[in-house]
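**Student:** model this:
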Amino acid sequence: MGARFAADLHAVNYRPLLGRKATLSAVCSRTASEAQAFATRHEISRVFTDYRALVDSPDVDVVDVCATTNVHHEIAVAAARAGKHVIVEKPLTGWFGDAAEPRDLMLDGALRNCDAVLEAVSKAGVTLGYAEDFVYAPPLAKVRRLLEASGGAILELRAEESHSGSHAVSARTWRTAGGGSLLRMGSHPIGAVLHLKHYEGRARGGAPIRARSVLADVAQLTRLPASTERPRYLRAAPEDVEDWAVAVITFEDGTKATIHSNDITLGGVRNVVSAYLTSGVVHANITPNTAVVAYAPEARVWGEEYITEKVETTAGWQFPSPEEDWMRGFPQELEDFVDAIRERRQPLSDASLAREVVEVIYAGYLSAATGRRVELARP
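**Tutor:** The predicted model follows:
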């Protein structure tokens, strides 16, 4: 469901599974020309412009929701009620409306949307795959193995996703995006640190260690005079959402995580996770990493060869990613979802992680608005 950036990313990374484990049977987009162009590009035989027709199709077993965030929950609920398994791009959902709405009401509304999806999935007995690629990225998989091998405990996690701004017009307003950088980008590092604490708790033979409270701050830095009155290379153009966010998460065991997410970082996408353990320190550099380092005195040197996502120029020192999708975990993610559905098990990135990510983010918005720590509801 969808025919733009995220949908293309998923379609490309299904290719290793085609003919073995899955078939791309249909695509749906509200814009018929985009849907048809996507179908041609990825050799898909059926095209829809109404998601209800897609989810009702007998040729469809799984609906992969790559549409804009404001319709994630609506499509996911319809798919589950039709008996289809569901894959949903991050974040699972949010709250969409007037940016002046009180943040506590946004938190309540976002969780209602989450619970509607989880209830529909549970009642239908179908699988939900939460498409958080950080969970599957090889650097984060290595963090899990090193944590387990060390026998140590996580004391602090520090994680970030930042770049110079989204290309999507829908990212500019609360009504269509559900928030700014904390939701759109912060869902990645937040998903990563929550996952690692869940993993740590389970690895010790117990329950997942969950977030207990959130302290956060947000801002619109690209609309300050220092930005608007001087030359700039940033693409961020927020209207009523934030372009900078920091959050501190406290977990049930008292340990901490610090999250950075912003649209003010030049030089390409920054995706990093650091784990400070009782037994060591691990830095996971998803992007950029030093697998390949290249220098060019001017941008034209590399011609049309791809370097990395969202980099403003290909001149100077660069970090070309030889297998960018693999390093970020996209093919591993989709294969796990397909296998989980076939094997009737939960995927590594599941519904419980999806909901907690939304809860932490909107608690962060409430914290930023009130200037206080927000305690999360726990049984």
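
**Student:** who are the neighbours in contact with the residue most central in space within the chain?
**Tutor:** Closest to where the C-alpha atoms of the chain average out (CA atoms, centre = their mean) is Lys90, at 3.8 Å. For Lys90, the contact set (CB atoms under 8 Å, 6 or more residues apart in numbering) comprises 130-132, 187-188, 191, 354, 357. (Each C-beta comes from the backbone N, C-alpha and C, glycine too.)

**Student:** Among those residues, name the buried ones.
**Tutor:** Neighbour counting over these (16 or more other CB atoms under 10 Å) leaves 130-132, 187-188, 191, 354, 357 as the buried ones.

**Student:** now, which of these sits nearest Gly151?
**Tutor:** Gly191 (25.2 Å; CB to CB).

**Student:** Report the mean confidence score over the helix or strand hosting that closest one.
**Tutor:** Per DSSP states H and E: Gly191 is located in helix 187-203. For helix 187-203, the mean pLDDT works out to 97.

**Student:** which residues touch the helix or strand that that helix is followed by?
**Tutor:** For helix 187-203, the following helix or strand on the C-terminal side (DSSP H and E) is strand 211-219. The contact list for strand 211-219 (CB under 8 Å, 6+ apart) reads 180-182, 194, 197, 242-252, 356, 359-360, 363-365, 367-368, 372-376, 378.

**Student:** next SSE after strand 211-219?
**Tutor:** helix 225-228.

**Student:** follow-up on the earlier one: give me the buried subset of the contacts of strand 211-219.
**Tutor:** Using 16+ other CB under 10 Å, the buried ones in these are 180-182, 194, 197, 242-252, 356, 359-360, 363-365, 367-368, 374, 376.

**Student:** Out of the residues you listed, which sit inside helices?
**Tutor:** Cross-referencing the buried ones among the contacts of strand 211-219 against helices under DSSP state H gives 181-182, 194, 197, 356, 359-360, 363-365, 367-368.

**Student:** mind checking how far Ile361 is from His188?
**Tutor:** 11 Å (CB to CB, to the nearest Å).

**Student:** Tell me how far the helix holding Gly191 lies from the chain's centre.
**Tutor:** Computed by CA atoms, centre = their mean, to the nearest Å, the chain-centroid distance of helix 187-203 equals 13 Å.

**Student:** Check which residues of that helix are buried.
**Tutor:** Buried, per 16+ other CB under 10 Å, within helix 187-203: 187-201.

**Student:** Which helix in the protein has the most residues?
**Tutor:** Every helix in the chain considered (DSSP H), the longest is helix 103-124.

**Student:** Please save the CA atoms from it in CSV.
**Tutor:** This file holds the C-alpha atoms of helix 103-124, laid out as CSV (Å, rounded to 0.1, in the frame of the first residue of the first chain):
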residue,chain,number,x,y,z
ARG,A,103,-0.4,17.1,24.2
ASP,A,104,-2.1,14.8,26.8
LEU,A,105,-5.0,14.5,24.4
MET,A,106,-2.6,13.7,21.6
LEU,A,107,-1.0,10.9,23.7
ASP,A,108,-4.4,9.4,24.5
GLY,A,109,-5.5,9.6,20.8
ALA,A,110,-2.3,8.1,19.5
LEU,A,111,-2.6,5.2,21.9
ARG,A,112,-6.2,4.6,20.9
ASN,A,113,-5.1,4.3,17.3
CYS,A,114,-2.4,1.9,18.4
ASP,A,115,-4.8,-0.2,20.4
ALA,A,116,-7.3,-0.3,17.5
VAL,A,117,-4.7,-1.9,15.3
LEU,A,118,-3.5,-4.4,18.0
GLU,A,119,-7.1,-5.4,18.9
ALA,A,120,-8.0,-6.0,15.2
VAL,A,121,-4.8,-8.1,14.7
SER,A,122,-5.5,-10.1,17.9
LYS,A,123,-9.1,-10.7,17.1
ALA,A,124,-8.3,-11.8,13.5
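
**Student:** State the distance from the most far-flung residue of the chain relative to its centre to Val248.
**Tutor:** The outermost residue of the chain, judged against the average C-alpha position, is Pro297 (34.5 Å), by CA atoms, centre = their mean. Per CB to CB, Pro297 is found 42 Å from Val248.

**Student:** what do you get for Ile264?
**Tutor:** 20 Å.

**Student:** Which secondary structure element of this structure has the lowest mean pLDDT?
**Tutor:** Least confident helix or strand, the chain: helix 225-228 with a mean of 83, by mean pLDDT, DSSP states H and E.

**Student:** Give me the residues contacting it.
**Tutor:** Contacts for helix 225-228 (CB under 8 Å, 6+ apart): 221-222, 234.

**Student:** for the longest helix of the chain, what is the average pLDDT?
**Tutor:** Over the span of helix 103-124, the pLDDT mean works out to 98.
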